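In: Okay, predicted coordinates and the sequence, questions at the end:
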Amino acid sequence: MIKKHNMKLTAMSLVVGLALMTGCGKQAEIAVDGGVSNSTTTITATATNTNIVDGTGVQVNYDTEDYYTDWTNSQVTQITLGDTVEVSGIGVQVADSVVTITNGGTYVLSGELTEGQIVIDLLEKDTVRLVLNGVNITCSNGPAIYVKNADKLVVSLEEGTENTLTDGTNYVLEEGSDEPNAALFSKDDLIINGTGTLNVNANYQDAIASKDSLKIMEGTINVNAAEDGIRGKDKVVIKDGNITITSVGEGIKSTNTNDASLGFVYIENGTFNLTTESDAIQAETDLEILDGTFNITTGGGSVNGVSHRGNMMGAGGMGGKRPQKGQMSVPPDEGMTRSADTGIVAPPDAGMTRPANEGTTAPSDATTSVSTSQSETTVSKKALKATDVIVINDGTFNIDASDDALHSNNIVTINGGNLSIATGDDGLHADVALTINGGIIDITKSYEGLEGETITIEDGEISVVASDDGINAAEASGTEDAVSGDLMNPNGNAALIVNGGLLYVNASGDGLDANGAITINNGTVIVDGPTNGGNGSLDYDKTCDVNGGTLIAAGSSQMAQSISTTSAQKAVDITFTTVQVAGQTVAVLDETGKAVVSFTGTKEFQTVTITSDLFESDKTYTFSYGGTVSGETTNGLGTNVEYTGGTTVCEFTMSDVVTYLNESGVTTAPVGGMMGGHGNFGGRGMRGKGSNAAQTNTSVNTGTNIEATAR
C-alpha cells in the first residue's frame, strides 16, 4: 500500500568546516583554532553549564570529518546533473534520475536535477562527503537528498556557490513507514560545512532532519518549511553560520526523549533569523547557547499572546525533572486544556508517557486554556524552550514571542548576553530555578516578567514591564480557585533572592511577588508598582528581608506590604492620604539638605518603601516630597543628589527597622492593614507586619486541589 503525506518547507543556512576523511581511517585531533595535529583523538567541547541537576553536562565532539577541507586535489567522483547525469568516477548508480551512491568517499555534485533524487545507500557503514558545487535538485515525491544507510553524511557547501533543495507536498513511502519526512533526510549522522549557501524548500514536512546527530559547522542556510526547519534526534550542534528559518512548526529542535544525555541543542555562535509558528528553538533535555545573534518571532509575535483569564498558575509545565538514564522524559507542551465547567482534561492524543519503571506522568509544559464551548489544545509558541536546562552564556537576542520567551520545565541560567524581549506571556520562566548571573535583560512587554519557584539574581541589568506580576516566585503546587482559576494556599517554599545587579520593575500587578520569602542582600531593586489597589509593589507570604543594597517599592496602598522587621537594614515607609501624580518626587535628606535617596515615579503612587545601605542607624534625616532633583538618576532613583524645593514634612531618627511616615510626620505601623485574597496564591500579610511568618491566609478557597507548575 502506498502512503502519501502532506509536506512542508524549510530553508537552511550553510556551514563551514574542515575536511572529512573518507573511509574508516583514523581521525586527527582538531585544535580549537582549526589546526590539525597528528594525534588520533578527537576534540571534545564541554558545555560550560554547571547548573544541570545531575551534573552530566553537555558534551560535543568535533572530528576532522566535521570540518571543511579542499577536495580539488583529492580522488573524488564528479557527478554532473542534468537531463543526462554524467558520472566521472566510481561508487555511483543512476536509474530514472535517481542517483544512488553505494560506496564511501567524496562526491562533487553540480548542475540541475528537475525531477530526481540523490540517495546514499551503502553496502557497509562508511562516511560519504557530498560537495554541493552549485546544484538545484527537485524531487516531487520524496527528499531531494536521502541517506538510507551510511555511517555519516557530510554536506560541504562550496565557497561562492548557491545550492537549492526542493521537495513536493506528497511523498511516496513504503507501506507502514512515516519516513523520510524532510527535503534533506538522513537516517545517520549529518554534518553541514563549507561557506557556500544552501536553500531548502520543504513543502512536505521538515527541511533538514537527522535521526542521529546533526551538526552545522558554518555557512549560510535558508529554510522555508511546512513543518520543522532543522531537526536532529540525538542532538543539534551549531558551531557557526548564518541561518534563516521560516517554518510552520519548530525552527530548530532535538527530539530524543529516551536518553538524558542526548536530546540537547548546543549553539556556539552564528546569526539566526527565526520566524516560526511554533517554538523557535526546542530541546528535549538541555539548550545551551555560548554566543550569537538571534532574531526570533514566534506565533506572529507578542501581539498574539493568549488570554490569561482563568489560566492555571501551572500552565508552564508539570514535573519537568530530568529523567534518570534509561528513562523517558515527558515531551514539553503536550497541551493540557480546560473545558468550560469541567475542570482539567487531557486532549485526544495528549501524549501521556510512561518513564521506565514508573507510572504514567502528565505531559510536561502543558498549556492550559479556557474555552466556553469546547476544549482547545494550544500550540507552544515559545522562543527558547527546554524540558530540563537552558543556559545562556552570551549573545544578542531580539525576541518577539506570543508565548514565553525562555521556558524550562526545570532550570534557566543566564550568565551574560543582551536580551531584548517582548512576549505575550512570561519573559523568563523556570519551573524550578531561575538564576541570572549577568547580562542585560530588557523585557519591554510581558504578562509576567520573571517566574520560577526560586529566582536568584546575582548580577546584571534587568528591566521588566509586566501587565501582571513583574517578578513571580511561585510554587509548583496549590489549590485551584474554581472561579478565578488561580492557585491558592501555597506551602510558602518559593523564594526571590537578590544578591546584586540592577532590577527595575514596572508592573500592573504585584511588583515583587513571592509565595514564600524575598531576600535582598545587595544590588538595586526599583519597583514602579501597580496603581490598582488589588495589587502591591511587594507581595510575600513569609518574610521580606533586606540586608544590603537599595530597594524602592512604590505603588498603590490598599494591599501594600513593607519589609520585614527581621531585616538587617533600615527602611522608611511613606504613605500619602491621596494618590500622588506621576512625576512626583519623594526624598530622604541628610543634614546638609542633600538627598541621600530620592525617587521620582513614572506612575501614580500612594505609598513608597525606601531602604538603602546608605542609611545609618540612629542618624537624623528629613522627609520631603515634591521637590526637584539635579544629578544622575537611574529609573527614577537618585542617591546623594542635589534636591531643591518641595514640601519638608519632618525630621526623624532612623532607629527602628522600619520608620513609618505620612504627610503629618512620623506615625506608627498600620494595625488593620489589608489582608490577602489577591494574587495567584493569595495570603498577603498586613502592611508593616512583614515578619509575620505565622500569618494565616484569609482567602476563601472554593476550588479543588491541582498540582501544576507555577505560572
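Out: That came through, no problem.
In: Could you verify my assumption that Ser630 touches Gly645?
Out: No. Contact criterion CB atoms under 8 Å: Ser630 and Gly645 do not qualify, at 10.7 Å. Placement of C-beta: from N, CA and C, glycine included.
In: Just the strands from the stretch 601-711 of the chain, written as ranges.
Out: Counting by DSSP state E, counting those that start in this stretch, the stretch 601-711 of the chain has strands at residues 605-612, 620-625, 628-630, 633-634, 637-644, 647-653, 658-662, 665-667, 704-707.
In: can you tell which of those is closest to Ser557?
Out: strand 605-612 (4.1 Å; CB to CB).
In: Strand partners (parallel or antiparallel) of the closest one?
Out: Strand 605-612 pairs in its sheet with strand 550-555 (antiparallel), strand 571-580 (antiparallel), by DSSP bridges.
In: what is the orientation angle of it with strand 637-644?
Out: 100 degrees (axes from the mean of the first three to the mean of the last three CA atoms, to 10 degrees).
In: show me where pLDDT drops low in the stretch 301-450 of the chain?
Out: 308-377 (pLDDT under 70).
In: Show me the domain layout of the chain.
Out: The record's domain parsing of the chain by automatic domain parsing lists 1-17+72-215, 447-667.
In: want to try TSV for those domains, with distance to Thr271 as columns?
Out: Converted to TSV, the domains of the chain look like this (distance: least, CB to CB, whole Å):
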stretch	distance to Thr271
domain 1-17+72-215	8
domain 447-667	24
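In: weakest of those domains in terms of mean pLDDT?
Out: Mean pLDDT values for these show the minimum at domain 1-17+72-215, a mean of 88.
In: I'd like the domains of the chain laid out as CSV, including distance to Asn258 and mean neighbour count.
Out: Output for the domains of the chain, formatted as CSV (distance: least, CB to CB, whole Å; neighbours: other CB atoms under 10 Å):
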stretch, distance to Asn258, mean neighbour count
domain 1-17+72-215, 13, 21
domain 447-667, 25, 21
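In: on that earlier part again, can you lay out the strands paired with strand 605-612 as JSON lines showing distance to Gly500?
Out: Compiled in JSON lines, these are given as follows (distance: least, CB to CB, whole Å):
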{"stretch": "strand 550-555", "distance to Gly500": "12"}
{"stretch": "strand 571-580", "distance to Gly500": "19"}
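In: Go through those and name the closest to Val98.
Out: strand 550-555 (69.2 Å).
In: out of the domains of the chain, which comes closest to Leu428?
Out: Of those, nearest to Leu428 by CB to CB is domain 447-667, at 5.1 Å.
In: Give me the distance between the two termini of the closest one.
Out: 36 Å (CA to CA, to the nearest Å).
In: for stretch 159-174, same thing?
Out: First residue to last in stretch 159-174 (CA to CA) measures 37 Å.
In: can you check stretch 265-283 too?
Out: Using CA to CA, first and last residues of stretch 265-283 are 6 Å apart.
In: The residue nearest the centre of the chain: what's it in contact with?
Out: With distances taken as CA atoms, centre = their mean, Leu406 lies nearest the centre of the chain, 1.7 Å away. Leu406 is in contact with 382-385, 390, 392, 412, 427-429, counting by CB atoms under 8 Å, 6 or more residues apart in numbering.
In: among the residues you listed, which ones are buried?
Out: Listed as buried from the contacts of Leu406 are 382-385, 390, 392, 412, 427-429; burial here means 16 or more other CB atoms under 10 Å.
In: longest strand anywhere in the chain?
Out: Looking across the chain with DSSP state E, the single longest strand is strand 127-139.
In: what about the helix or strand following that one, distance to the chain center?
Out: Next helix or strand after strand 127-139 toward the C-terminus (DSSP states H and E): strand 145-149. With CA atoms, centre = their mean, to the nearest Å as the basis, strand 145-149 stands 33 Å off its chain's centre.
In: Strand 145-149 packs against which elements?
Out: strand 117-121, strand 127-139, strand 182-186 (3 or more CB pairs under 8 Å, 6 or more residues apart in numbering; DSSP states H and E).
In: With distance to Gly501 as added columns, please give these in a markdown table.
Out: A markdown table is the format used below for these (distance: least, CB to CB, whole Å):
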| stretch | distance to Gly501 |
| --- | --- |
| strand 117-121 | 52 |
| strand 127-139 | 47 |
| strand 182-186 | 43 |
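In: Of all the residues in stretch 408-419, which ones are buried?
Out: Those would be 408-417, 419, for stretch 408-419 by 16+ other CB under 10 Å.
In: give me the number of residues near Asn269?
Out: 16 (other CB atoms under 10 Å).
In: mind listing the helices in the stretch 301-450 of the chain by residue range?
Out: Shown for the stretch 301-450 of the chain, no helices are assigned by DSSP state H, counting those that start in this stretch.
In: all strands of it, in order?
Out: 337-339, 343-345, 370-371, 384-386, 389-392, 396-401, 406-408, 411-414, 418-423, 426-436, 440-445, 448-457.
In: Sheet partners, orientation included, of the fourth one?
Out: When pairing is defined by DSSP bridges, strand 384-386 lines up against strand 281-283 (parallel), strand 406-408 (parallel).
In: The last one now?
Out: According to DSSP bridges, strand 448-457 has the following sheet partners: strand 426-436 (parallel), strand 471-473 (parallel), strand 494-498 (parallel).
In: Give me the distance from that strand to the chain's centre.
Out: Worked out by CA atoms, centre = their mean, strand 448-457 lies 13 Å from the chain centre.
In: can you check stretch 284-304 too?
Out: With CA atoms, centre = their mean, you get 7 Å for stretch 284-304.
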